[in-house]
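# how would this look folded up:
(2 chains)
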Amino acid sequence: MHQNEMRLEFDSRSCNESFARVAVAAFLTQLNPTLEEVADVKTAVSEAVTNAIIHGYEGRVEKVTILCRLEDQELYVEVSDEGKGIADVALAMEPLYTTKEECDRAGMGFAFMEAFMDSLEVESEPGRGTCVKMRKRISREKRECSAVEEEGRLGTVAGYAAQSPVRPDEGFGSRQERS
Amino acid sequence: MNQIFTIAGTVMTIHLPAELDHHSSEQIRAEADRLIRTRNIRSLLFDFGGTSFMDSSGIGMIIGRYKMMRFMGGNVLAIRVGEQMRRLLTLSGIYKVIDIYEGLPQQSELY
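Have a look, this model is predicted:
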């Protein structure tokens, strides 16, 4: 099985939200996703990271961690914080449910993650933090327009990754294993 | 840099940024509310012409402004909406309360 993994840790500042989703999208380009698949993953990652910043840490600046793994044609993403945690995960995942309506929250974060990814799992413990685990299969059969071909629309980081594709079997992942 | 807010008569257009997330929504929110409160705005247009990314924070920001405009008797439209943005507006159910245009609306749609 081809496997490649990366881990990202950053401050829970709202300006890092776009960095986080673009970084995951750039890592994903190795699987040659379509534009739509990239957009789906970016939205889902953005939702999870925003939740960690707004709800997990409630504005405090601490660390958000993303673990990203490519296994054959599947993307696995884990977004975790060590913040407040969620007392009732099932309730929090209900569409339109929000604890911060006054802040213009739509209550659609988990619903979007569920809609745009193939699977979603949420583990949380009050006072310990939350971990969101998502998976998405990236289609092997390509339609006429793939993300790599339209690299310009992905932003500079993804564009850079697209210019120098790293195959899962010869990337930095395998170098780490050797050392 | 381009102007984010343009006002023509009672119509205000918000030219949304390339990526509408929690960070950029927060920046738009305060100024939009100030303008809606202080100027006589009857129609609010969200211009998606330059927008390629949005998440639920953007949806929340739009719903918040929609509530405000409704309260004041105005209407809200989304204009120059592309395929990807239409998907999100549809999935969120926001299309039920806001008219969505691929291009620009007729003058008769505005107050």
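
# and residue 11, what does it touch?
This is for chain A. When contacts are counted by Cβ atoms under 8 Å, 6 or more residues apart in numbering or on different chains, residue A:11 touches A:61, A:62, A:63, A:64. Backbone N, C-alpha and C define where each C-beta goes, glycine included.

# looking at chain B here, not the other one
When contacts are counted by Cβ under 8 Å, 6+ apart, residue B:11 is found next to B:41, B:42, B:43, B:44, B:45, B:110, B:111.

# 10 Å instead?
For residue B:11, the contacting residues are B:41, B:42, B:43, B:44, B:45, B:74, B:77, B:105, B:107, B:110, B:111, by Cβ atoms under 10 Å, 6 or more residues apart in numbering or on different chains.

# Could you check how far the fourth one is from residue B:87?
So the one you mean is residue B:44. Between residue B:44 and residue B:87 the distance, using Cβ to Cβ, to the nearest Å, works out to 22 Å.

# which residues in the chain form helices?
All of this is about chain A. Remark: helices of chain A, listed N- to C-terminal, are A:16-28, A:35-51, A:89-92, A:109-116, A:156-163, A:172-178; assignment by DSSP state H.

# Wait, chain B was what I had in mind.
According to DSSP H, the helices that chain B contains are B:22-38, B:56-71, B:83-91.

# I'd like these laid out as JSON lines, including mean neighbour count, distance to chain A and mean pLDDT.
As requested, those are arranged in JSON lines below (neighbours: other Cβ atoms under 10 Å in any protein chain shown; distance: least, Cβ to the nearest Cβ, whole Å; pLDDT from 0 to 100):
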{"stretch": "helix B:22-38", "mean neighbour count": "16", "distance to chain A": "4", "mean pLDDT": "94"}
{"stretch": "helix B:56-71", "mean neighbour count": "22", "distance to chain A": "4", "mean pLDDT": "95"}
{"stretch": "helix B:83-91", "mean neighbour count": "17", "distance to chain A": "6", "mean pLDDT": "93"}
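
# And the ones you listed: which comes nearest residue A:17?
Ranking these by proximity to residue A:17 (Cβ to Cβ) places helix B:22-38 first, at 5.4 Å.

# Alright, I will stop here.
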